Every structure is written in C-alpha cells, then in structure tokens.
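Undergrad: here you go, sequence then predicted model.
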Amino acid sequence: MIKAIIFDYGNVIHKWDNDIFLKEFVKLSGKDYNYVVDIIFGQGLHDKLEAGEILNITFFKKIKDGLNLKITQDEFFKLFSSKLFKKVETTISLIKKLKKNYKVTLLSNTNKIDFDNVIKRFELFPLFDAVTLSFEVGHRKPDKEIFFDALKKLNLKPNECVFIDDIKEYSDAASKLGMHGIHYTSHENLIKELKKLNVKI
C-alpha cells in the first residue's frame, strides 16, 4: 500500500535551465560559452557543491576568479539561481490533492544557493512531510544513500513509496531499491502511472 509520494524538484515542480545563468556569466565575463561551462561543470565544482563538499562562498570565489567576474556574492547567487524560472502548476495542484491522503516529500540533487534563494521559499514547501537534499546528505542521486535518507525520515518501507523524477536513471535507481519509480515525462503520463499504482488523486 502506497503511503508516500516523493518528488524531485527540478523540472518536476520547478522548470530549470542552466543556460539562463550560463549566458549571463558569458556576458559578464566576456568568456566563450564552452569556457564558462568548463569552469563551472567541467572541473567538478558544481557536483561538489551539490554533494555538500564545498561551501557556497568557496564555489562563488572559485567561479568569480575563474571567470574574472566583477560581481558581488549576492548578485552571483541571484543570477546562479535564475535557472529555476517557472513553476510547474500542474504538479503544484497535484501535490495539494495528494497531501490529503499521503505523505508528500521532496528529494532533490541541489545546492544551498538554490535552496536558500528558491526552494525553501516555494509556496508549498511547508507542506512537505520530509525533505532530503543532496548537499545536506552528502550524496547525490543515483546514490542509494540519498534514497535511504528519505525512507528513514518517513519511517517507511521502499514499496510504500513512489518516487517521481524527470531523469530516468534516478527513477530507475529508486525502483532498484524497491520503490515505485516513475520517470516524469508529462503530467498526463504521471497521472496515468500513479493510477496504475492505485494512488488516490
């Protein structure tokens, strides 16, 4: 019997696009787009930020120095989080409905910058019964440890939980642990998959 629905954040609850902030950093630095991408993603800095291995201020300083940016820390964080640009209203509506009958939780690969600037300010954030964030856990999806953290907080068995993610590798990882992983491709497909599991909507 399903007792909890666990949601990924990016592109499930909130649309995101790295190009938004990357192009801003291209303008500010005067550097080539691929150079900017390499500085932020190619050297593992972003992964370390999401895994909680480096602090926000360290990430900011390394990117600022690497791109020679003339920008304050607050300006940097605001631009960096601009990638989260549009709420997925159909998911927001769904969360409100599911909350009536199930525990609803969040499990996301994210960093403290996006969490502080966007996620924790999300209007439905107080509705989540539990929150699992990669930078706090020290593990990123598809690592099993991040899923175990969510299960521990919920005090539920894997087969009592549904996990929804727009990245198939991650929903598959949840399924391998005994959870009901759903690859999010559209709202219509999500509803269809939830109904297959007899989830009340």
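TA: Sure thing, it's come through. Numbering: from 1, shown residues only.

Undergrad: for the residue sitting furthest away from the middle of the chain, report the pLDDT, please.
TA: Largest separation from the mean C-alpha position in the chain: G30, at 29.4 Å (C-alpha atoms, centre = their mean). The confidence metric pLDDT takes the value 96 at G30.

Undergrad: list the residues that contact it.
TA: Going by C-beta atoms under 8 Å, 6 or more residues apart in numbering, G30 touches no other residue. All C-beta spots, glycine's among them, are computed from the backbone N, C-alpha and C.

Undergrad: phi first, then psi, for it.
TA: phi 80, psi 10 (degrees, to the nearest 10).

Undergrad: count the neighbours of the spatially closest residue to I57 that is not a sequence neighbour for me.
TA: Leaving out its chain neighbours, the residue that sits closest to I57 by C-beta to C-beta, 6 or more residues apart in numbering is Q73, at 7.0 Å. By the measure other C-beta atoms under 10 Å, the count of residues near Q73 is 12.

Undergrad: cool, and E169?
TA: 10.

Undergrad: can you give me the helices in the chain?
TA: Secondary structure of the chain by DSSP state H: the helices cover 18-29, 33-37, 45-50, 56-67, 73-80, 89-98, 112-117, 134-137, 144-154, 168-176, 187-196.
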